[in-house]
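[1] My questions are about this predicted structure, shown below with the sequence.
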Amino acid sequence: MPDHTHLVLLRHRYEIEKLVIQLKGDATRRLRSDGRHPFQDLPPDDSGRLPCMWGRSSWDIYLNTPQEVIQKIAYVRKNPLRAGLPEQEWSFVTEYLAT
């Protein structure tokens, strides 16, 4: 989405708050290196950083059943379509297999 992100992630060894910080940092570096950072035309601060494009927090929901996971994946996949955007396909997305 142009102004927010939805992710359905497998539980990780990192606490979700730390994982979100890592994801935001990696995404920022990638956008900057690709020349797509939304504030790339503004002057960096004294440490070379551009203004932060992320909100201060995240909205974290824990999914505990296969049905919840399937429902949230469907929501995330349909979100761009509801906004009039094309369907998204990402090389790093793997199929969810309920166990």
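    Noted; the coordinates are in hand. Numbering: from 1, shown residues only.

[2] In stretch 26-37, which residues are buried?
    28, 31-32, 37 (16 or more other CB atoms under 10 Å). Yep, even glycine has a C-beta here, placed from its N, CA and C like the rest.

[3] I misspoke; the intended subject was stretch 13-30.
    Under 16+ other CB under 10 Å, the buried positions of stretch 13-30 are 19-20, 24, 28.

[4] For residue 68, what are phi and psi?
    Main-chain dihedrals, residue 68, degrees, to the nearest 10: phi -60, psi -40.

[5] That one: neighbour count?
    Neighbour count for residue 68, taken as other CB atoms under 10 Å: 13.

[6] residues in contact with stretch 79-89?
    1, 6, 77 (CB atoms under 8 Å, 6 or more residues apart in numbering).

[7] redo that, cut-off 6 Å
    Here stretch 79-89 makes contact (CB atoms under 6 Å, 6 or more residues apart in numbering) with residue 6.

[8] returning to what we had before: tell me which of the buried residues of stretch 13-30 fall in strands.
    Among the buried residues of stretch 13-30, none falls in strands (DSSP state E).

[9] Distance to residue 43 and pLDDT added to those, as CSV?
    Below are the buried residues of stretch 13-30 laid out as CSV (distance: CB to CB, whole Å; pLDDT from 0 to 100):
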residue, distance to residue 43, pLDDT
19, 31, 92
20, 27, 92
24, 21, 94
28, 17, 95
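
[10] quick check, nearest of these to residue 69?
    residue 19 (16.9 Å; CB to CB).

[11] How many residues are close by the residue lying closest to the closest one once chain neighbours are set aside?
    Counting by CB to CB, 6 or more residues apart in numbering, residue 19 lies nearest to residue 12, which is 5.4 Å off, once chain neighbours are set aside. By other CB under 10 Å, 10 other residues sit near residue 12.
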